[in-house]
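*Asks:* from the sequence below, what's the structure:
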Amino acid sequence: MTKYEQLVNLAGRRSIFYPASEIYTTTPAGLWSYGCYGVSIRHKLLDIWRKHFVREDGLIEIDGAVLMPADVLKASGHLGKFSDPITVCKKCNAVHRADKILTEVTGHEYREAQTNEELIKALRAHAVKCPACKKGELADVTRSSLMVQAPVGVGRQNECYLRPESCQSIFTDYLRMTKTMRVKLPFGIAQQGKVFRNEISPRQTLIRQIEFYAAEMEMFFDPKHGDYDKFETVKDYPVNIQRAGQEKIEQISAGDLVKNKIVSNQLIAYYLARTQQFFSKLGIPVEVVRFRELPDDERAFYAKEAFDFEVKTSIGWVELVANNYRTDYDLSVHSEGSKKDLSFVDEKSRVLPHVWEISMGFDRTFLVMLEFALKEEKERTFLSLPANLAPLHAGVFPLLSNKPELVSKAEEVYNDLKSCYELFYDESGSIGKRYARMDEIGVPFCITVDFDSLKNNDVTVRERDGTKQIRIKISELREFLFELIAGKKKV
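*Replies:* Just a heads-up that it's a prediction; the model follows:
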């Protein structure tokens with residue numbers, strides 16, 4: 001069993017995430033739900049994202065509507081160009097992503113951006129058969145829209161769609177933000193929320209879904225002024241870069257990225273460095289990450305520069321963040337589509353800003369973070385999550401559930417701490433099983449009331465990763481737990 005498979009098994013057993021509407025056999029693939037512990041971890045992941053980018057870098061945060069009128073998506077190009085190449089089995093009628101089938105069969109990387117003719121030629125050259133029935137011939141490649149339609153209105157309906165990416169909300173709200181938030185270039189707008197794509201082949205749980213979370217930031221800047229005041233803080237920070245057409249990954253400082261013209265300006269280099277730093281906070285080793293520079297034939301048509309942030313996992317390299325220099329494409333098309341002037345005007349000049357995008361797949365990040373946290377030992381499985389990402393701060397247990405005096409004391413400790421910390425009180429099963437249940441969902445500490453607690457008014461605090469234990473006075477427990485979670489002390 002691969003580590004990915006172990007994680008999916010654990011996630012289902014502990015209700016971290018699991019198939020949506022699973023009691024119905026008619027539920028389509030690509031829909032997943034988060035359980036109690038998954039929701040808690042995801043909220044904390046969002047808090048770290050918000051602190052790292054929104055608060056520390058002074059970004060504006062919005063929450064745009066999920067439904068968007070067709071005119072927005074016509075202007076952005078989604079209604080005409082947002083599609084995947086598909087091929088249908090002539091025998092069993094199974095539908096497949098043409099580029100994905102070719103990649104799996106040949107071991108060579110095929111891309112959705114390749115023309116239908118190129119993909120058809122490859123299917124015929126390799127005599128690819130249907131992966132579902134193993135026998136059927138595959139039809140010529142066509143395109144299938146990824147848009148999810150959602151008409152609105154009674155009687156005369158308005159043509160609307162569920163947004164395929166959250167950045168379009170940012171671009172349509174940009175003008176209001178410039179008028180109401182007293183911003184100066186460069187500035188950024190951030191947003192986190194659900195997006196929807198009618199995926200042809202949803203697979204690998206949270207990796208490729210129909211309904212998923214995205215966390216996106218759009219940085220608006222004047223292309224004539226490339227300096228960025230925060231750049232000095234990351235100038236010497238090494239960024240893992242894989243240049244287009246090269247196999248090796250190089251560590252290049254943010255300063256050298258600008259100096260050697262690998263990126264256009266300091267703002268872009270700054271946010272590449274900040275993105276890598278964010279994933280280090282999640283416990284993902286820097287040795288397994290890279291910014292893969294996309295060649296001309298792989299970049300989106302609007303992107304002047306593009307770097308996919310990828311992490312090497314047990315199922316291969318997984319893209320977590322798309323980093324694109326979108327130039328002034330988005331503001332230009334929305335200015336034309338809405339008939340509104342989206343120029344940024346201040347006392348010095350009028351300019352149509354360019355945009356650097358940092359678009360993170362939130363569910364994918366959640367999944368990859370958990371894979372690196374998952375640890376297997378001979379007698380136990382645990383999630384080695386940082387304390388600020390764990391679903392609970394601590395478990396509180398009486399050593400024995402059939403001793404009223406221990407139960408009463410443990411409940412007293414629990415009630416005293418629960419206003420400050422997220423806790424789970426448990427008196428079911430042996431103490432070893434209770435520890436194991438907390439370990440599996442990543443709870444960093446367990447507090448146990450035993451017979452010595454009755455005499456000395458103290459408890460045992462057990463740390464998850466090393467299973468070390470220490471005795472702490474109950475009167476000192478609140479402050480001690482705070483210092484443990486903040487990383488100021490260790491057990």
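*Asks:* roughly how far out does stretch 463-478 sit from the chain middle?
*Replies:* A distance of 33 Å separates the C-alpha centroid of stretch 463-478 from that of its chain, computed with Cα atoms, centre = their mean, to the nearest Å.
*Asks:* what do you get for stretch 79-98?
*Replies:* Mean C-alpha position of stretch 79-98 versus that of the full chain (Cα atoms, centre = their mean) differs by 27 Å.
*Asks:* quick check, central residue of this structure?
*Replies:* Relative to the mean C-alpha position of the chain, the nearest C-alpha, by Cα atoms, centre = their mean, is the one of Phe362, at 2.1 Å.
*Asks:* relative to Tyr213, how far out is it?
*Replies:* Look at Phe362 and Tyr213: by Cβ to Cβ, to the nearest Å, they are 4 Å apart. The way it works is simple: take the backbone N, C-alpha and C, and place the C-beta from them, glycine included.
*Asks:* what do those two both touch?
*Replies:* Arg42, Gln192 (Cβ atoms under 8 Å, 6 or more residues apart in numbering).
*Asks:* re the thing from before, my guess is the residue nearest to the centre of the chain contacts Ala214. True?
*Replies:* Yes: proximity of Phe362 to Ala214 meets the contact threshold set by Cβ atoms under 8 Å, at 6.0 Å.
*Asks:* how many other residues sit next to Gly153?
*Replies:* If you count neighbours by other Cβ atoms under 10 Å, Gly153 ends up with 9.
*Asks:* for it, report the pLDDT, please.
*Replies:* With respect to pLDDT, Gly153 scores 88.
*Asks:* again with the one 4 residues further on
*Replies:* We note a pLDDT of 81 for Gln157 in this prediction.
*Asks:* and for Phe362 and Ala214, which residues touch both?
*Replies:* Shared contacts of Phe362 and Ala214, defined by Cβ under 8 Å, 6+ apart, are found at Gln192.
*Asks:* circling back to that earlier point, next, work out how far apart the residue nearest to the centre of the chain and Pro202 are.
*Replies:* Plainly put, Phe362 is 16 Å away from Pro202 if you go by Cβ to Cβ.
*Asks:* and what of Ser335?
*Replies:* Ser335 sits 35 Å away from Pro202, going by Cβ to Cβ.
*Asks:* so what's the residue nearest to the centre of the chain up against?
*Replies:* Arg42, Leu45, Leu46, Gln192, Phe212, Tyr213, Ala214, Ala215.
*Asks:* show me these that map onto helices.
*Replies:* Among these, the members found in helices (DSSP state H) are Arg42, Leu45, Leu46.
*Asks:* residues near the first one, how many?
*Replies:* Other residues lying near Arg42 total 20 when counted by other Cβ under 10 Å.
*Asks:* can you check the second one too?
*Replies:* The number of residues packed near Leu45 is 20, by other Cβ under 10 Å.
*Asks:* quick check, it in contact with Ala390.
*Replies:* No: at 11.1 Å, Leu45 does not count as touching Ala390 under the criterion of Cβ under 8 Å.
*Asks:* secondary structure element for Leu454?
*Replies:* Taking DSSP states H and E as the definition, Leu454 sits inside helix 451-456.
*Asks:* could you pull out the helices for the stretch 151-300 of the chain?
*Replies:* Assignment of helices within the stretch 151-300 of the chain using DSSP state H, counting those that start in this stretch yields the ranges 167-180, 254-259, 266-281.
*Asks:* skipping adjacent residues, who's closest to Ala20 in space?
*Replies:* Using Cβ to Cβ, 6 or more residues apart in numbering and skipping residues adjacent in sequence, the residue nearest Ala20 is Leu31, 3.9 Å away.
*Asks:* I'd guessed the one you found sits against Phe17; true?
*Replies:* No: under the contact definition of Cβ under 8 Å, Leu31 does not touch Phe17, with a separation of 11.2 Å.
*Asks:* the more surrounded of those two?
*Replies:* Each of Leu31 and Phe17 has its neighbours counted (other Cβ under 10 Å); Phe17 has more, 25 against 15.
*Asks:* how about low-confidence regions in the stretch 251-400 of the chain?
*Replies:* Low-confidence regions of the stretch 251-400 of the chain, defined here as pLDDT under 70, do not occur.
*Asks:* nearest to Gln157, out of the helices of the stretch 151-300 of the chain?
*Replies:* Of all the helices of the stretch 151-300 of the chain, it is helix 167-180 that lies closest to Gln157, at 20.9 Å by Cβ to Cβ.
*Asks:* what about the closest one, average pLDDT?
*Replies:* pLDDT averaged over helix 167-180 gives 96.
*Asks:* for stretch 414-431, same thing?
*Replies:* The pLDDT scores in stretch 414-431 average 96.
*Asks:* buried residues, it. List them.
*Replies:* Tyr414, Leu417, Tyr421, Leu423, Phe424, Tyr425, Asp426, Glu427, Ile431 (16 or more other Cβ atoms under 10 Å).
*Asks:* how close does the nearest residue to the third one once chain neighbours are set aside sit to Gln157?
*Replies:* So the one you mean is Tyr421. Closest residue to Tyr421 in three dimensions, ignoring its sequence neighbours and counting by Cβ to Cβ, 6+ apart: His393, at 4.2 Å. Using Cβ to Cβ, His393 is found at 49 Å from Gln157.
*Asks:* these two: who's more crowded?
*Replies:* Using other Cβ under 10 Å as the criterion, His393 and Gln157 rank with His393 on top: 22 against 9.
*Asks:* pretty sure Ala269 is touching Val263, no?
*Replies:* Yes: look at Ala269 against Val263 with Cβ under 8 Å: they come within range, at 5.2 Å.
*Asks:* and for the two, which residues touch both?
*Replies:* Looking at what touches both Ala269 and Val263 (by Cβ under 8 Å, 6+ apart), the common residues are Leu257.
*Asks:* now Leu423: how far from Asn456?
*Replies:* Counting by Cβ to Cβ, the gap from Leu423 to Asn456 is 22 Å.
*Asks:* and for Phe307?
*Replies:* Going from Phe307 to Asn456 by Cβ to Cβ gives 57 Å.
*Asks:* which one of those two is surrounded by more residues?
*Replies:* Comparing Phe307 with Asn456 by neighbour count (other Cβ under 10 Å), the higher total belongs to Phe307, at 26 against 12.
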